[in-house]
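Asker: How does the following fold in three dimensions:
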Amino acid sequence: MTRSLCSRARRLAAGLLALLAFLLTGGVQAEASVQGRTLSFQDAAGRTTWTRRYPAALGTLLGPLSQDGLNWLAVGPALYAYADDGEQRVRLDFPAEISALDQGGGTLQVTGGFGSVRQTFSVSNMQIQGRVVLPPDPAVTGWLRRAALAVPQPELPQAASADPSNPFLHLRLARLAQLRGDRYGEVSAAQQAVTAAVPFAASVQLAADLDSAGFPSAADLSLDRAARDWAARGYDPALPVSQEALRAYGDPLLELNTLLSQNKLRRADAWIRYLREVSPRFEGYPAVYARYARMLDAQDRSGEADEWRQFSRRLSAGTLYNLGPGALPILRDAFRVLALALLLAVLAALLSFAAHYWSVQGRDLAALGGRWRAWLLHPLSRARRVTLAYAGFGEKLVLVSLLLGLLFVLSGWVWTSRVDARLHAPALNAGTYGGAWFYDGLDRLELAGEARDIALIRGLAAQLDASAALARQSYSRALGSACVLNNQGVLAAGAENTAEARDSYRQALALDPGLPAAAYNLGLHPSDPESAFQARFRPAQPRLCYPDQQALIGALDLTPGSETLGLLRAPWVALSGLPTGLPGPLQWLWIACLLLLLAACLLWLLVPRLPQATLAGRPGLYRLLALLLPGAALLEGAWGSVLLLGWALTLSALLGLSGWWRLNALLGAAGPELRTLLLGTLALVYLLNIVVFVLEEVRVARRGRRTALS
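Answerer: Predicted structure coming up:
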């Protein structure tokens, strides 16, 4: 009885002491707080039980907020959740640095953005609600590695224990164990590194580090995890990926090129197959695949080499004229060659006219005050006696045709250059569509029209972002597209309307029998790399159809024909966009000269030839130019145009091969055989010109004798 009373007295005293402590501390509750760059947690008694410090290089700290019994802290683009005992429960990765945390409505809201673009996500059950699209921003995709490198080496064990979700901390521990010769510690730390759940970009970076540290099997596993996360986030091998995006996504191309340079084909094979699987259309893939094939040939693996070459050629399907990813640069260089050829032909024709009619023009203008003073004394009479006024109708017609052809070729040059630049917009070369960063890039491209291909892009992005209603609305503006029909079938399948889905797939395949997505969805097992990716990583989902290069070109710009119409409506505006690299005043000067020459030629085409032209004869300089400039002295007949254009085209191509100007897309892969062929063609043109010139001289001589006799 006495013991019981004593026990009750002790409990009562303890309660009174606790109440007194509570009153003295003002009712302190357990809570987390941030002081400077340090997160700390205080228990109910006001004692600090644990702390975490975050270097300034990791970005802004926001919070902490208490939600669902956890303490949430934003660090740069990452959101950490800590229990009251300091255990890290989860780290969530966002597509941009977090700019706001909010608990409105009882749900944790996380806002991040890029410049003026903002996107808000909800967090529930320690998961991000909605699709997270990682932009190709190294500040975001390289954040985990940077966070690990910011930890001083003596603090590595504690940091790895406090943040088990950062694999780069464990990899640093593995390397330290290597230096100590601790094989068990080395393997254990490497295993912990490769099992951490991280975004695909971090997995690729980790794979490269594991390879350099001597853990090839772990690197392969990390690459596999990267491919699975790539697929889970809605990235797709059908879309191109720029080298800039690849660098932000872990730079697998750099690792591949490094291994190829070291002739480590076994390890290079793992990396090139990763690229082939997740993004086979990466920027510059033809050269990389060709290099790998040559190295396989050197090891007597010609069968594998041929397979890689065939795979590279198959990827050209869907590009402009099936020329491959460099179709537009090839066409641009072709337009440049044609433009130079036509310009040479125009200059040759003008020189020939000047040499032919110089003397007779001088005699006519002598009575008006001379060749130059006549412009001041008798401007109208002088204008009537310009060089073109002495040329025959056939000569003037050829010159007008050359000038019109030059204008149309220049408009093609403008079109290909502009569309190629727009085609390389980052938003279209990040491996997926959707997300705030993508829509911001799309708005910068001003893709807001009603064109069918624009509706396909916007509808596909909405579909990937799980906005079915918005996707249907976009697709309604793109009726008659096989790609849209397939994607509408995917929407119907998502609504569990199997019959409607299969009907849409059949209609899409009937409209385009070569559409792999529709064939895959109908179970026809197409052999394209995109279908193989879908079967491996997203087997339970139907295959979406993505726009190919031709569809993207249709969305990004008008056709070359419409560019020609724009040239006819506003030639100055159209030609001002020509990427010649000249300063503005020089660009305006030569455009003005070209347009004035064309206007003069069109005008003088309707003006009768001056009768004095028949007295011009064939001066010596004219004969010399006739030999040096094939066809320039024969423009009254068909042979003259053929020889002149053949000479100009051959010469402009030879100038391109000589490196006088850059035509890498068109002639970069040309061997010595092309130079030999062009030189032979040029020699043949000169030979034909000499033959025709001699025949013309004989004809003129005979006509002179007949005139003398009569």
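Asker: mind checking pLDDT for Gly36?
Answerer: pLDDT for Gly36: 86.
Asker: Can you get me a residue count around it?
Answerer: Around Gly36 there are 9 other residues, counting by other CB atoms under 10 Å. The way it works is simple: take the backbone N, C-alpha and C, and place the C-beta from them, glycine included.
Asker: same deal with Phe408?
Answerer: Phe408 has 19 neighbouring residues, counting by other CB under 10 Å.
Asker: Could you do Gly142 as well?
Answerer: Number of residues near Gly142 (other CB under 10 Å) recorded here: 19.
Asker: So it sits against Pro199, correct?
Answerer: No - with contacts counted by CB atoms under 8 Å, Gly142 stays clear of Pro199, the gap being 10.7 Å.
Asker: what is in contact with the two at once?
Answerer: Both Gly142 and Pro199 lack any common contact, where contact means CB atoms under 8 Å, 6 or more residues apart in numbering.
Asker: For the stretch 1-150 of the chain, which segments are assigned as helices?
Answerer: For the stretch 1-150 of the chain, the helices defined by DSSP state H, counting those that start in this stretch occupy 2-24, 138-141, 143-149.
Asker: again, but for the stretch 451-600 of the chain
Answerer: Along the stretch 451-600 of the chain, counting by DSSP H, counting those that start in this stretch, helices occupy 452-464, 468-475, 482-494, 498-511, 516-521, 529-537, 549-556, 560-569, 571-576, 584-605.
Asker: Show me what the fifth one is packed up against.
Answerer: Counting by 3 or more CB pairs under 8 Å, 6 or more residues apart in numbering; DSSP states H and E, the packing neighbours recorded for helix 516-521 are helix 482-494, helix 498-511, helix 529-537.
Asker: Only the C-alpha atoms, please, for the longest one, written as CSV.
Answerer: The one in question is helix 498-511. Coordinates of each C-alpha in helix 498-511 appear next as CSV, following Å, rounded to 0.1, in the frame of the first residue of the first chain:
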residue,chain,number,x,y,z
THR,A,498,-12.3,-1.6,-77.6
ALA,A,499,-14.5,-1.9,-80.7
GLU,A,500,-14.2,1.8,-81.5
ALA,A,501,-10.4,1.6,-80.9
ARG,A,502,-9.9,-1.3,-83.3
ASP,A,503,-12.1,0.4,-85.9
SER,A,504,-9.9,3.5,-85.7
TYR,A,505,-6.8,1.4,-86.1
ARG,A,506,-8.2,-0.3,-89.2
GLN,A,507,-9.2,3.1,-90.8
ALA,A,508,-5.7,4.4,-90.1
LEU,A,509,-4.0,1.4,-91.6
ALA,A,510,-6.3,1.6,-94.7
LEU,A,511,-5.4,5.2,-95.1
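Asker: which parts of it are buried?
Answerer: For helix 498-511, a neighbour-count test (16 or more other CB atoms under 10 Å) marks 501-502, 504-505, 507-509, 511 as buried.
Asker: Can you point out the buried residues in the helix or strand hosting Asp443?
Answerer: Element membership of Asp443, judged by DSSP states H and E, is helix 436-444. The neighbour-count check on helix 436-444 (16+ other CB under 10 Å) flags 436-442 as buried.
Asker: ok so, going back, which of the helices of the stretch 1-150 of the chain has the lowest average pLDDT?
Answerer: helix 2-24 (a mean of 50).
Asker: who's in contact with the residue positioned nearest the centre of the chain?
Answerer: Centroid-nearest residue in the chain: His424, 2.9 Å away (criterion: CA atoms, centre = their mean). By CB under 8 Å, 6+ apart, the contact set of His424 is Ser242.
Asker: is it possible to export the helices of the stretch 451-600 of the chain to a markdown table including mean pLDDT?
Answerer: A markdown table is the format used below for those (pLDDT from 0 to 100):
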| stretch | mean pLDDT |
| --- | --- |
| helix 452-464 | 92 |
| helix 468-475 | 93 |
| helix 482-494 | 95 |
| helix 498-511 | 95 |
| helix 516-521 | 96 |
| helix 529-537 | 95 |
| helix 549-556 | 88 |
| helix 560-569 | 61 |
| helix 571-576 | 74 |
| helix 584-605 | 82 |
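Asker: can you list the ones you listed in CSV and add distance to His170?
Answerer: Shown next, in CSV, are the helices of the stretch 451-600 of the chain (distance: least, CB to CB, whole Å):
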stretch, distance to His170
helix 452-464, 33
helix 468-475, 41
helix 482-494, 39
helix 498-511, 45
helix 516-521, 39
helix 529-537, 26
helix 549-556, 42
helix 560-569, 56
helix 571-576, 58
helix 584-605, 57
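Asker: Of all these, which one is nearest Ala633?
Answerer: With CB to CB as the measure, helix 584-605 is the member of those nearest Ala633 (18.4 Å).
Asker: Need the residues that contact the helix or strand following that closest one.
Answerer: For helix 584-605, the following helix or strand on the C-terminal side (DSSP H and E) is helix 620-628. Contacts to helix 620-628, defined as CB under 8 Å, 6+ apart, come from residues 348, 351-352, 355-356, 358, 632-634, 689-690, 693, 697.
Asker: Buried residues, helix 620-628. List them.
Answerer: Neighbour counts using 16+ other CB under 10 Å place 622-623, 625-626 of helix 620-628 among the buried residues.
Asker: quick one: which of these is nearest Val414?
Answerer: Ranked by distance to Val414 (CB to CB), the buried residues of helix 620-628 are led by Leu625 at 32.2 Å.
Asker: count of residues packed around Thr195?
Answerer: Thr195, neighbours per other CB under 10 Å, totals 14.
Asker: on that earlier part again, counting neighbours, which of the contacts of helix 620-628 comes out on top?
Answerer: Ala633 (29 neighbours).
Asker: Please name the spatially closest residue to that one (chain neighbours excluded).
Answerer: Spatial nearest neighbour of Ala633, chain neighbours left out: Ala626 (3.4 Å); criterion: CB to CB, 6 or more residues apart in numbering.
Asker: Would you check how far apart the one you found and Ala349 are?
Answerer: Per CB to CB, to the nearest Å, Ala626 is found 12 Å from Ala349.
Asker: shared neighbours of those two, anything?
Answerer: Joint contacts of Ala626 and Ala349 (CB under 8 Å, 6+ apart) are Ala632.
Asker: quick one: low-confidence ranges for the chain?
Answerer: For the chain, the stretches flagged by pLDDT under 70 are 1-29, 115-116, 448-450, 558-569, 710.
Asker: sorry, back to before: make TSV out of the helices and strands packed on helix 516-521 and add distance to Ala339.
Answerer: Shown next, in TSV, are the helices and strands packed on helix 516-521 (distance: least, CB to CB, whole Å):
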stretch	distance to Ala339
helix 482-494	35
helix 498-511	38
helix 529-537	38
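Asker: Tell me which of those lies nearest to Ala78.
Answerer: Smallest distance to Ala78 across these (CB to CB): 25.4 Å, for helix 529-537.
Asker: ok, which pair from the contacts of helix 620-628 is furthest apart?
Answerer: Trp358 and Ile690 (23.7 Å).
Asker: check contacts around the closest residue to Gln507 other than its chain neighbours.
Answerer: The shortest distance from Gln507 to any residue other than its chain neighbours is 5.0 Å, reached at Leu485 (CB to CB, 6+ apart). Listed by CB under 8 Å, 6+ apart, the contact partners of Leu485 are 504-505, 507-508, 511, 518.
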